[in-house]
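# Pasting the sequence and the predicted model now:
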Amino acid sequence: NAGVTQTPKFQVLKTGQSMTLQCAQDMNHEYMSWYRQDPGMGLRLIHYSVGAGITDQGEVPNGYNVSRSTTEDFPLRLLSAAPSQTSVYFCASSYSIGTFPSTDTQYFGPGTRLTVL
Amino acid sequence: AQSVAQPEDQVNVAEGNPLTVKCTYSVSGNPYLFWYVQYPNRGLQFLLKYITGDNLVKGSYGFEAEFNKSQTSFHLKKPSALVSDSALYFCAVRGPPSGSARQLTFGSGTQLTVLP
């Protein structure tokens, strides 16, 4: 198993550019999520999905879009990059139990370090 | 809303000495608490969790955590630190159902450095 993979590992954008961060998992997990990690602020949830075709907003969704067309893939789109989006982005997945997915044991990808100039 | 606080940004300990990484929480209802570890240039890894039962929870790599309801704390401990334990440690608490899932709220992290 490759687990959770993310591409690219590093990216530099200019203000106003758009791009897509890729995330894929091969564990057949229903739940997938995107976090951003900033110094002194821990991880903040951007968007998440509890299954193909279903997405929902997290704590800091503005400026980001997601879609979930398959169980395996959960790309994150930056519509018009801003310097405030400079961060490390992590994708995570976990299995689902019951009506509300269990997000307790999440598997994280290696991260994408994004710099917006 | 639920929250966790990690009062120490940095903890230094000598190899072989016991280590403690502190965490306090705030949540309505029964707490579901977690520790994750992040090694350099890697994603977070699950370490252990407290759901119910014994106040001392054992996890991976020899780590354990002590739940204290009266002090609303969930400190991470290890009897004898290794240099390889040097990493960033995150405490987290599970929130109530919101949207379509119960999310984890993470603390700001504590950088543990074990000195040889």
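Here it is on my side, so go on. What you are looking at is a predicted structure, and each value in this text was computed from that prediction instead of being measured.
# pLDDT score assigned to A:S102?
If you check A:S102, the pLDDT there is 67.
# Mind exporting the C-alpha coordinates of stretch A:103-111 to PDB?
Presented in PDB, the C-alpha positions along stretch A:103-111 are these (Å, rounded to 0.1, in the frame of the first residue of the first chain):
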ATOM      1  CA  THR A 103     -11.900  10.600  12.000                       C
ATOM      2  CA  ASP A 104     -10.000   9.500  15.100                       C
ATOM      3  CA  THR A 105      -7.200   7.500  13.300                       C
ATOM      4  CA  GLN A 106      -6.300   9.600  10.300                       C
ATOM      5  CA  TYR A 107      -3.600   8.700   7.800                       C
ATOM      6  CA  PHE A 108      -1.700  11.700   6.600                       C
ATOM      7  CA  GLY A 109       0.100  12.300   3.300                       C
ATOM      8  CA  PRO A 110       3.700  13.800   3.300                       C
ATOM      9  CA  GLY A 111       2.400  17.300   2.600                       C
END
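# which ones are touching the residue in chain A positioned nearest to chain B?
Proximity of chain A to chain B (C-beta to the nearest C-beta) peaks at A:F108, 3.0 Å away. For glycine as for every other residue, the C-beta is placed from the backbone atoms N, C-alpha and C. Shown in contact with A:F108 (C-beta atoms under 8 Å, 6 or more residues apart in numbering or on different chains): A:V4, A:F90, A:C91, A:A92, B:G43, B:L44, B:Q45.
# which parts of chain A sit against chain B?
A:4, A:31, A:40-45, A:48, A:50, A:54, A:56-58, A:90, A:92, A:100-111 (C-beta under 8 Å from any C-beta of the partner chain).
# Weed out the non-buried ones from the residues you listed.
A:4, A:31, A:42-45, A:48, A:50, A:56, A:58, A:90, A:92, A:100-104, A:106-111 (16 or more other C-beta atoms under 10 Å in any protein chain shown).
# coming back round to it: show me the contacts of A:F108 that map onto strands.
A:V4, A:F90, A:C91, A:A92, B:L44, B:Q45 (DSSP state E).
# buried stuff in the helix or strand hosting A:C23?
Assigned by DSSP states H and E, A:C23 belongs to strand A:19-25. Within strand A:19-25, the residues scored as buried using 16+ other C-beta under 10 Å are A:L21, A:C23, A:A24, A:Q25.
# Dump the residues you listed into a markdown table; add pLDDT and distance to B:S80 as well.
Listed next are these as a markdown table, based on pLDDT from 0 to 100; distance: C-beta to C-beta, whole Å:
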| residue | pLDDT | distance to B:S80 |
| --- | --- | --- |
| A:L21 | 98 | 40 |
| A:C23 | 97 | 37 |
| A:A24 | 97 | 39 |
| A:Q25 | 96 | 35 |
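# how about a markdown table for the residues you listed, with distance to B:Q6 added?
Converted to a markdown table, the buried residues of strand A:19-25 look like this (distance: C-beta to C-beta, whole Å):
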| residue | distance to B:Q6 |
| --- | --- |
| A:L21 | 27 |
| A:C23 | 27 |
| A:A24 | 31 |
| A:Q25 | 28 |
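# Tell me which two of these sit farthest apart.
Using C-beta to C-beta, the two most remote members of those are A:L21 and A:Q25, lying 14.0 Å apart.
# I'd assumed A:R36 was in contact with A:V88.
Yes - using C-beta atoms under 8 Å as the test, A:V88 is close enough to A:R36 to be in contact (7.0 Å).
# okay, those two: which has more neighbours?
The neighbour comparison of A:V88 against A:R36 (other C-beta atoms under 10 Å in any protein chain shown) goes to A:R36, with 23 against 16.
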